[in-house]
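> with the sequence up front, the predicted model follows.
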Number of protein chains: 2
Amino acid sequence: MASQPTARDRLLDAAEDLAATQGVNITSVDAILDRARVSPATLYAHFGNKEGLITEALRRRLARWDTTWQECIDDADSREEKLLAVFTALSRHRRALTPSRWCVFLGVAAETPHPGRDLQDTLAADTRLLLGRLEDLAGPVVGAEQAPLLARRIVLVYTGVLGMILRGADVDAATAEGRSIAALALHAVGAAAPAVRR
Amino acid sequence: MASQPTARDRLLDAAEDLAATQGVNITSVDAILDRARVSPATLYAHFGNKEGLITEALRRRLARWDTTWQECIDDADSREEKLLAVFTALSRHRRALTPSRWCVFLGVAAETPHPGRDLQDTLAADTRLLLGRLEDLAGPVVGAEQAPLLARRIVLVYTGVLGMILRGADVDAATAEGRSIAALALHAVGAAAPAVRR
DNA sequence: GTCTATACAAAGATAGAC
DNA sequence: GTCTATCTTTGTATAGAC
């Protein structure tokens, strides 16, 4: 029956949007409060402090990314396509949510040299999700032995796409280019260690 | 005869070090002044404001990167090695200067959603230098027509290496991995459009 | 849970003397 | 050119009422 978002949700929305588009350090608590139309006390009651709010907003965004990516994997037909679905997911993710200037997680990591434990964990969870899932998907394609190598390479290329967006590159062009390079890496590793059958 | 660095140089050193290791937004003017052992008025007399100082420090660092990279290119034997020398240069650069947490230019870009014109130009100059020089080096290897494509791909991979450092990856490992992927891209593009002779 | 009002610290930048 | 001292704004966070 909740027709109106709660103050808590409005805070998370505002924090996510501003972190994604402006960055966390330049975004003041006041700016978040203004956008969420919420009073200071409410923020601190729910999240303790600014970093707590940011951490919670990132957790929520990571969960949504997780879902979107998994859907793209499920939609893909072949094992190779599933491995490259991370690039499709990037496009879909950016269309579904407030598109970040490049990547909210890397952005917050770049801006926060000394994160608290919870924030640190949340940021690391993004990288863990990428490496872990790509390794799982790479196993059936190039074998368990080569899977970690291929996963690292695809994460590197994926991260490069995000960086190119920060450099001002066209998002779709950079994504397509990343996918091409990842496909090269896939076939190179696959050639070295022939694909596991079925 | 200048045995002591000037106040101006101490300011540039302090700004560069703190921007590289901590980030620009979290670094206060006071912190820069403390480290440089300089008074506020001196900073503003020389650079106008904080962004002016940061811009100047970045310009100086870009010039040093330019030099280091060119030296690595000159040291390389083959045309292919010259094209991949950007990864060697990255290692050498990071050993020569205060190593940034990942990349000072991308870091400042990520932290500054609305840069002034001078800062904007300086940040863009980094990307321009990368794309332009790599395209020049790619021409003799894959031909002028394919050179822009290969240059973009290598910049993407190079940027991915920097992003992996931000993700916590080992610097040498990420650099080596990036070089391998760039070599794949080189050979793939080269195979599509056979190398120009000489 | 949420608000109004405010405390307190830190930020960037400037004035005026030497 | 450089310093000491200070001004003003903005920042995060809390107190106390409803």
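That came through fine. Numbers count the residues shown, from 1 in each chain, chains lettered A, B, ... in the order given.
> got the residues of chain A near DNA strand C?
A:6-8, A:37-42, A:45-46 (Cβ under 7 Å from any atom of the strand). C-beta: built from backbone N, CA, C; applies to glycine.
> widest-spaced pair of the residues you listed?
Maximum pairwise distance among these (Cβ to Cβ): 16.7 Å, between A:6 and A:40.
> ok, and which of the residues of chain A next to DNA strand C reach DNA strand D?
A:40-41.
> closest one of the residues of chain A next to DNA strand C to chain B?
residue A:40 (21.6 Å; Cβ to the nearest Cβ).
> report how many residues lie close to residue A:11.
Residue A:11: 24 surrounding residues under other Cβ atoms under 10 Å in any protein chain shown.
> which ones are touching it?
By Cβ atoms under 8 Å, 6 or more residues apart in numbering or on different chains, the residues touching residue A:11 are A:32, A:36, A:38, A:42-43, A:46-47, A:53.
> near chain B, which residues of chain A?
For chain A, the residues in contact with chain B (Cβ under 8 Å from any Cβ of the partner chain) are A:21-23, A:25-26, A:101-102, A:106-107, A:109-113, A:124, A:127, A:152-153, A:155-164, A:166-169, A:174, A:177-178, A:180-181, A:184-185, A:188.
> now these: which count as buried?
The neighbour count (16 or more other Cβ atoms under 10 Å in any protein chain shown) marks A:22-23, A:25, A:101-102, A:106-107, A:109-112, A:127, A:152-153, A:155-164, A:166-167, A:169, A:174, A:177-178, A:180-181, A:184-185, A:188 as buried among the residues of chain A next to chain B.
> tell me which of the residues you listed fall in helices.
Among those, the members falling in helices (DSSP state H) are A:106-107, A:109-111, A:127, A:152-153, A:155-164, A:166, A:174, A:177-178, A:180-181, A:184-185, A:188.
> ok, back up a step: turn the residues of chain A next to DNA strand C into CSV, columns for neighbour count.
Listed next are those as CSV, based on neighbours: other Cβ atoms under 10 Å in any protein chain shown:
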residue, neighbour count
A:6, 12
A:7, 16
A:8, 17
A:37, 10
A:38, 18
A:39, 11
A:40, 11
A:41, 8
A:42, 16
A:45, 11
A:46, 16
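> residue A:9 is in contact with residue A:37, correct?
No: contact status for residue A:37 versus residue A:9: not in contact, 11.9 Å apart, counting by Cβ atoms under 8 Å.
> and stretch A:105-120, end to end?
10 Å (Cα to Cα, to the nearest Å).
> residues contacting the nearest residue to residue A:22 once chain neighbours are set aside?
Of all residues not flanking residue A:22 in the chain, residue B:113 sits nearest, at 4.9 Å (Cβ to Cβ, 6 or more residues apart in numbering or on different chains). Contact partners of residue B:113, counting by Cβ under 8 Å, 6+ apart, are A:21-23, A:26, A:101.
> switch to 10 Å and redo it
By Cβ atoms under 10 Å, 6 or more residues apart in numbering or on different chains, the residues touching residue B:113 are A:21-23, A:26-27, A:101.
> which of these sit farthest apart?
Farthest apart among the contacts of residue B:113 by Cβ to Cβ are A:27 and A:101. That separation is 12.2 Å.
> shared neighbours of these two, which are they?
In contact with both residue A:27 and residue A:101: A:19-21, B:113, using Cβ under 10 Å, 6+ apart.
> so where's chain A uncertain?
Within chain A, the segments meeting pLDDT under 70 span A:1-4, A:194-198.
> which stretches of it form helices?
Using DSSP H, helices in chain A cover A:7-21, A:29-36, A:40-47, A:50-75, A:79-96, A:104-111, A:117-142, A:147-166, A:171-192.
> so for residue B:67, which of these sits nearest?
Taking Cβ to Cβ, helix A:147-166 is the member of those nearest to residue B:67, at 23.2 Å.
> show the contacting residues for the residue lying closest to residue A:174 once chain neighbours are set aside.
Of all residues not flanking residue A:174 in the chain, residue A:164 sits nearest, at 4.1 Å (Cβ to Cβ, 6+ apart). Residue A:164 makes contacts with A:102, A:170-171, A:173-175, A:177-178, B:127, B:152, B:155-156, B:159-160, as judged by Cβ under 10 Å, 6+ apart.
> for chain B, what is the nearest residue in chain A?
residue A:160 (2.8 Å).
> wait, that residue sits on residue B:156?
Yes: counting by Cβ atoms under 10 Å, residue A:160 does reach residue B:156; the two are 4.2 Å apart.
> which neighbours do the two share?
Common neighbours of residue A:160 and residue B:156 (Cβ under 10 Å, 6+ apart) are A:174, A:177-178, A:181, B:178, B:181.
> and which of the residues you listed is nearest residue A:14?
Closest approach to residue A:14 among those (Cβ to Cβ): residue A:174, at 28.2 Å.
> which parts of chain A sit against DNA strand D?
By Cβ under 7 Å from any atom of the strand, the residues of chain A that approach DNA strand D are A:27-31, A:40-41, A:44, A:49-50.
> quick one: buried ones out of the residues you listed?
Buried members of these, scored by 16+ other Cβ under 10 Å, are A:27, A:50.
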